[in-house]
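Sequence unavailable; structure follows:
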């Protein structure tokens, strides 16, 4: 297994390299430049050109890319143009918010999604199943930001139970952190729960039709026991895949939710970096997102082995 | 013999008595009283100011939270004209001059200014005993270093730089500016809050790198000092306990400044709905720049009230005069002839509270307001446009117009105006991009024919950046440049008005380098507990206070 993990980690290099090159080219050839934005609307052409030269953005793409990759090999992702701090530091400072939000949203999504998926499958065709599927369709269809704005209106503006935005660090005040992240986590959690519920339902339904389930039932094993012990264990593999994928997506930044709730996370950082043409920061975040996808996929694969001993690497 | 500077400075400054920290001094001459009273009339009354100070003692919240539209690229006010940097910056830094509630130039760190008869030599006496946030006293050495950098780095500074021969320090409290040609707008340039000639200690200037002055060196003489910046989370300022206030009554950015908050926090909030709701729920106390569609909602809200910032900016179409169809003045005049400004402005701003149809480059509320060229503005004469266009070489090639939805009004104007242009025979190709793209594309004369823009509040027409031939759009014309030189050299207000009337008619509307669509005003929102707040175009948070 050690060799497998090492092999997967080595795959990180080309996997991260490809998006980095693509993003570098996209940024280079897309219009807009940080010097113009930095100097403001009244800057003259000469002032902008001077700053571009000072920052090195007038150099050919190959030179700029070469410089970036050589720094990357030294572990240096460069410095954010607008935040005036190293990219790694900027990502580190914003990661805490996104981590907390992701974990909170995943707890909500997984608990609601898995429960609803199982209940829906074992009550196939009944009212509960239909209600659960209506919820799922609703959850998958509505945009997160729309749900977020409505939650803000009801629970932050009309009733003022939760704050309208902002973030309290977990290690500073755990209760305050949960309070501040409740609405964004629910906004994200509901939509992801709907997605998970649909996946769990179809997996459970598929396994309920398997011979070994029929055999267990024929032996007179309690239905609840069959579902929890035989069906769920086997349905967990696709469920873990979905949860892992969702986790990767959220860790890459829930851009709309972070913007709406004014959360200083990775998503907002990326959005602002794009709007400001903060090239080193965009590159750094893309690299981080690529890496987090790979690492989470690896973890999911390792969890498979734990859930299903038949899987070996 | 030297005479005192015009523009409202003279009366105040002649009478000013030097009184160490706080400078300013009481006005004793009838002339100076007249100026002071005038300033009070348009700004906050003395009674209100006193109420504010009394309230400040007993019933004042210690922190004010302001929801701003974004993250400042830098806190160095010399580096950028971006509004967010300037807005935070003028709480920290002060210039030699500033503008009062009537948009007149008044002294701030300057104590006394004399100008030679030929307007080429300025002698600026500084206030004594004014301390920087690092405890050091401000002297002419700091002013010299700051002004030199401001001239080098900013657009307004560059305007002065073109005619600046040298800056000389005579003694610790005297700075002299020698010009190569006469100018009466030197103090106006130095006073303008949006490109402020903020005075840093020399050490800060020495510490500046390519991206500006490092945050630990963001040091000024203002009522608030820089405390902490967490990117994308907040910028915190603290009350500067040793602030040396002027003694004149507060008026706009001029006069006495009192910091009534221990802490002033600027929080970047990108969504305007969140800024509005944040003020309503008490999370923030001021939310800047919200959609004008939200006016009724804010008015109905029991906790907040609308703030209409009037005047604010004016939107414009900037025409590429270097290449393409609009290199021909007839084509520019054809474009101007076809436009219906009322229709464009209504589409862009909806509620009539937030726009005004007006041809003047200076707002009605400002000096040098002019109706020159009024008949050429808002013509909506399609037949005339077609006739003018027929006189050009235009053959239906695409007229590329870069606009953006980042500023929705720019996009809406482009949608309506492009239809009017099509009616007149232009083949318009509207390109919708983000603002960052426009800021780059506009520098390339081969890339476009029109780009959407807006003119920020400007204190004097002689310093409008887009009158300069190097600004995007490239209005290169020596005769026009000469007239600006004349305007900037003329001290007599009546003669200046005459020159500007003629310029606006002959050049701004006759030559059509850009097209002003109308005035527009800004909607912000504030807590009902925020008192003594000044609703001028450069929002500031000294002298106001927040009731608990």
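Right, received. Where do you want to start? Just so you know, these numbers come straight off a predicted model, no measurement behind them.

Domain ranges for chain B, per the record?
B:3-25+B:32-37+B:54-269+B:528-546, B:311-521 (automatic domain parsing).

Off-centre distance for the longest one?
It refers to domain B:3-25+B:32-37+B:54-269+B:528-546. On the basis of C-alpha atoms, centre = their mean, to the nearest Å, domain B:3-25+B:32-37+B:54-269+B:528-546 sits 13 Å off its chain's mean C-alpha point.

Hmm, residue B:246 is touching residue B:256, no?
Yes - between residue B:246 and residue B:256 there is a contact under C-beta atoms under 8 Å: 5.5 Å. From N, CA and C alone the C-beta is placed, and that goes for glycine too.

returning to that earlier point: what would the domains of chain B look like in TSV with mean pLDDT, mean neighbour count and distance to residue A:130?
As requested, the domains of chain B are arranged in TSV below (pLDDT from 0 to 100; neighbours: other C-beta atoms under 10 Å in any protein chain shown; distance: least, C-beta to C-beta, whole Å):
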stretch	mean pLDDT	mean neighbour count	distance to residue A:130
domain B:3-25+B:32-37+B:54-269+B:528-546	87	21	41
domain B:311-521	94	20	41
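
how many neighbours does residue B:547 have?
Neighbour count of residue B:547, defined by other C-beta atoms under 10 Å in any protein chain shown: 12.

about what we covered before: looking at the domains of chain B, which is closest to residue A:150?
domain B:3-25+B:32-37+B:54-269+B:528-546 (18.6 Å; C-beta to C-beta).

what about the closest one and chain A, any contact?
Yes - Domain B:3-25+B:32-37+B:54-269+B:528-546 comes into contact with chain A (C-beta under 8 Å from any C-beta of the partner chain), by way of B:70-71, B:73-74, B:79-83, B:85, B:153, B:155-156, B:158, B:195, B:210-211, B:214-215, B:230-233, B:267-269.

Tell me what the closest residue to residue B:528 other than its chain neighbours is bridged to.
Of all residues beyond its chain neighbours, the one nearest residue B:528 is residue B:305 (5.5 Å), with distances taken as C-beta to C-beta, 6 or more residues apart in numbering or on different chains. Beta bridges link residue B:305 to residue B:526, judged by DSSP bridges.

now residue B:305: how far from residue B:287?
11 Å (C-beta to C-beta, to the nearest Å).

So for those two, which residue has more residues nearby?
Using other C-beta under 10 Å as the criterion, residue B:305 and residue B:287 rank with residue B:287 on top: 32 against 15.

Work out for me the element that one sits within.
Assigned by DSSP states H and E, residue B:287 belongs to strand B:286-290.

Give the pairing partners of that strand; include direction for each.
According to DSSP bridges, strand B:286-290 forms sheet pairs with strand B:63-68 (parallel), strand B:519-527 (antiparallel).

what's the next secondary structure element after the shortest one?
Right, strand B:63-68. Following strand B:63-68 in sequence order, the next helix or strand is helix B:83-92 (DSSP H and E).

So which elements touch that following helix?
strand B:63-68, strand B:224-230, strand B:234-239, strand B:263-268 (3 or more C-beta pairs under 8 Å, 6 or more residues apart in numbering or on different chains; DSSP states H and E).
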